[in-house]
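Participant: what follows is a protein structure lacking sequence information:
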């Protein structure tokens, strides 16, 4: 992939991922499946961002300990 296409993909993933993440955070106080939406948003963001990958691993660890 050339540099421009990679940048456009990264921006699209960021916009979609952050939008979904904000919706998930809003669902913590509003009705909705926040426990599903937040990890899904982190999974999308983790495809392009290392910090999201690390945060997702922490969330997965906490979810496994709660079972």
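Facilitator: Done, it's in. All of these numbers come straight from a predicted model, not from anything done at the bench.
Participant: pull up the distance across stretch 22-32, start to finish.
Facilitator: Between the start and the finish of stretch 22-32 there is a gap of 12 Å, counting by C-alpha to C-alpha, to the nearest Å.
Participant: in it, which residues are buried?
Facilitator: Of all the residues in stretch 22-32, those buried under the rule 16 or more other C-beta atoms under 10 Å are 24, 27. C-beta coordinates here come from the backbone N, C-alpha and C atoms, glycine included.
Participant: contacts for it, please.
Facilitator: Counting contacts by C-beta atoms under 8 Å, 6 or more residues apart in numbering, the residues outside stretch 22-32 that touch it are 33-34, 37-38, 40-41.
Participant: tell me how far stretch 34-42 lies from the chain's centre.
Facilitator: The offset between the C-alpha centroid of stretch 34-42 and the centroid of the whole chain comes to 6 Å, using C-alpha atoms, centre = their mean, to the nearest Å.
Participant: and that stretch, which residues are buried?
Facilitator: Buried residues in stretch 34-42, counting neighbours by 16+ other C-beta under 10 Å, are found at 34, 37-39, 41-42.
Participant: before we move on, what about stretch 12-24?
Facilitator: Buried residues in stretch 12-24, defined by neighbour count with 16+ other C-beta under 10 Å: 13, 17, 20-21, 24.
Participant: so which of those residues is the closest to residue 55?
Facilitator: Taking C-beta to C-beta as the measure, residue 55 sits nearest to residue 21 out of these, at 10.2 Å.
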